[in-house]
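Peer 1: coordinates for the following, if possible.
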Amino acid sequence: MAVRCPRGAHPAWLRGPTWNADSAGAARTGPAEYVVDAEGQAFAEGEHPGGSTSTLVVRTGAARDLRPVTNELFFHVLADLGHGVRVPEPLTHYRVHEASMTDRRTPGVFADYMAEVCDNVAARLDQLRTNPPSWARSAQLTDLATTYRNRATRHRDDARCKRDQAAPDTAQEGRLK
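Peer 2: Next up is the predicted model:
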């Protein structure tokens, strides 16, 4: 079931298969997370830098200012501007499974997706610049939009490299058949 309008000052969005660690009094999760497989076993060693929906708790008013959003990366803008609390201990166990909404297996697809998201964030920051929210100045939004456009370019370059690296493997597989 989807929540259409979260209530409270700091709603936390958790995807169905994700869970937070038991923690006495933790008010906000930090950027780090543990990545687990479909059975809840470690998928990646140690901590992952995080940033996914399940690692974010966002002030409702700021979230409203950023709408419409297509990805949780929009909420990273707040941390980029120095607003937020980072909890050093990972509190989230992020589950990776076959039905994950982004394709992480096909070379370049996820990086292309992230490039598009970064472009969308930059466009939204440009819109906000004309009438800045209380948590940002116009010049900050301009600078941050440029940062997200640069990230989009890096993601596109990364996608191209991943596809180029995979191309020889694909050609080799074809010759072996």
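
Peer 1: please count neighbours and contacts with C-alpha atoms only from this point.
Peer 2: Will do.

Peer 1: domain ranges for the chain?
Peer 2: 1-100, 102-167 (automatic domain parsing).

Peer 1: and those domains, which one averages the lowest pLDDT?
Peer 2: Ranked by mean pLDDT, the domains of the chain bottom out at domain 1-100, with a mean of 63.

Peer 1: which of the residues in stretch 131-145 are buried?
Peer 2: 132, 136, 138, 140-142, 144-145 (16 or more other CA atoms under 10 Å).

Peer 1: report the longest helix in the chain, please.
Peer 2: Of all the elements of type helix in the chain, the one with the most residues (DSSP state H) is helix 138-176.

Peer 1: elements contacting it?
Peer 2: helix 109-129 (3 or more CA pairs under 8 Å, 6 or more residues apart in numbering; DSSP states H and E).

Peer 1: I'd like to check the angle between the helix it packs on and helix 138-176, please.
Peer 2: Interaxial angle of helix 109-129 relative to helix 138-176 (axes from the mean of the first three to the mean of the last three CA atoms, to 10 degrees): 170 degrees.

Peer 1: what packs against helix 109-129?
Peer 2: Short answer (3+ CA pairs under 8 Å, 6+ apart): helix 109-129 packs on helix 73-80, helix 138-176.

Peer 1: my guess is R163 meets P107, correct?
Peer 2: Yes. Counting by CA atoms under 8 Å, R163 touches P107, with 5.3 Å between them.

Peer 1: these two: which is more packed in?
Peer 2: P107 (19 against 14; other CA atoms under 10 Å).

Peer 1: please identify the helix or strand for that one.
Peer 2: Per DSSP states H and E, P107 falls between elements, in no helix or strand.

Peer 1: tell me the contacts of it?
Peer 2: 159, 162-163, 166 (CA atoms under 8 Å, 6 or more residues apart in numbering).

Peer 1: circling back to that earlier point, can you tell me which of the buried residues of stretch 131-145 is nearest V58?
Peer 2: Comparing those against V58 with CA to CA places A136 closest, at 15.4 Å.

Peer 1: the residue nearest to that closest one when sequence neighbours are not counted: neighbour count?
Peer 2: Distance criterion CA to CA, 6 or more residues apart in numbering; nearest residue to A136, sequence neighbours excluded, is L81 at 7.4 Å. When counting by other CA under 10 Å, one arrives at 14 neighbours for L81.

Peer 1: with L125 instead?
Peer 2: 24.

Peer 1: contact partners for it?
Peer 2: 141-142, 144-145.

Peer 1: swap in 10 Å and give it another go.
Peer 2: By CA atoms under 10 Å, 6 or more residues apart in numbering, the contact list for L125 reads 66, 74, 77, 119, 132, 138, 140-146, 148.
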